[in-house]
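Enquirer: give me coordinates for this.
(chains A and B)
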Amino acid sequence: AQTVTQSQPEMSVQEAETVTLSCTYDTSESDYYLFWYKQPPSRQMILVIRQEAYKQQNATENRFSVNFQKAAKSFSLKISDSQLGDAAMYFCAYRSAANAGGTSYGKLTFGQGTILTVHP
Amino acid sequence: NAGVTQTPKFQVLKTGQSMTLQCAQDMNHEYMSWYRQDPGMGLRLIHYSVGAGITDQGEVPNGYNVSRSTTEDFPLRLLSAAPSQTSVYFCASRGLGTNEKLFFGSGTQLSVL
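Expert: Predicted coordinates:
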């Protein structure tokens, strides 16, 4: 079974600065997807960024980028020019790309989450 | 387009009571699932379904039942609520293509006293 670990329960950053959230995972599969989700106080789960394991290029979405190290099984999220609206809980998640009789489709394995505080 | 709709948003139960959390999606998604979110544990999969009439257990299925009679609806039933089921519950759905995005409902905060 896959596991996802976020070792930073809480992080803080000054507005306009850069912060990196860490995530490691364990899997024996070679093809999979990795995600970062943001959960603001509204509780809504918002997809921030997605990485496909077969792509060596790191994904970017505006101020959000990842550092994907497949051999090290590491998937960190970098937030540049942090804004007050970035304050939230962030979850790293894993999904297998396999479809073994439909049993793995869509099943996400989540990390424990990191609470990000942004100071003005 | 409403997306994924969960009801109720909040619920308080007494130990031993039963209730059903409702989930509906209007995107014709084959895959639907229920997660629970607990502090320090992230979200954990309870049950999922890949189509009408097909359901399967996730990581933490004990104490919960599901059924999928239509593509649109995927209710989660607690037959005899326990304090350990106090949690935030999320329903999520997606199409079965590998590039399909997972859509989440807004969650249900459940407290069992």
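
Enquirer: bridge partners for B:Val12, pull those for me.
Expert: Per DSSP bridges, the residues bridged to B:Val12 are B:Ser111.

Enquirer: list the contacts for it?
Expert: Applying CB atoms under 8 Å, 6 or more residues apart in numbering or on different chains, we find B:Val12 in contact with B:Leu110, B:Ser111, B:Val112, B:Leu113. From N, CA and C alone the C-beta is placed, and that goes for glycine too.

Enquirer: ok, now which ones touch the first one?
Expert: Applying CB under 8 Å, 6+ apart to B:Leu110 gives the contacts B:Phe10, B:Gln11, B:Val12, B:Leu13, B:Leu21, B:Gln85, B:Thr86, B:Ser87, B:Val88, B:Tyr89.

Enquirer: and the second one, how far is that from chain A?
Expert: Applying CB to the nearest CB, to the nearest Å, one obtains 14 Å for the distance of B:Gln11 from chain A.

Enquirer: which non-adjacent residue is nearest that residue?
Expert: When the adjacent residues along the chain are set aside, B:Gln11 lies closest to B:Leu110, with 5.1 Å between them (CB to CB, 6 or more residues apart in numbering or on different chains).

Enquirer: how about the fifth one?
Expert: On the basis of CB to CB, 6+ apart, the spatially nearest residue to B:Leu21 that is not a chain neighbour turns out to be B:Leu76, at 4.4 Å.

Enquirer: the one you found and B:Thr20 touch, don't they?
Expert: Yes: taking contacts as CB atoms under 8 Å, B:Leu76 lies within contact range of B:Thr20: 6.9 Å.

Enquirer: more crowded one of these two?
Expert: Neighbour count, other CB atoms under 10 Å in any protein chain shown: between B:Leu76 and B:Thr20, B:Leu76 has more, with 22 against 14.

Enquirer: list the contacts for that one?
Expert: B:Thr20, B:Leu21, B:Cys23, B:Trp34, B:Ile46, B:His47, B:Tyr64, B:Asn65, B:Val66, B:Tyr89, B:Cys91.

Enquirer: just the buried ones from the residues you listed, in ChimeraX syntax?
Expert: Per 16 or more other CB atoms under 10 Å in any protein chain shown, the buried members of those correspond to this ChimeraX selection:
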select /B:21,23,34,46,47,64,66,89,91
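
Enquirer: quick check: the most centrally placed residue in chain B vs B:Asp73, distance?
Expert: Against the mean C-alpha coordinate of chain B, by CA atoms, centre = their mean, the closest residue is B:Trp34 at 2.9 Å. Remark: distance between B:Trp34 and B:Asp73 (CB to CB, to the nearest Å) = 12 Å.
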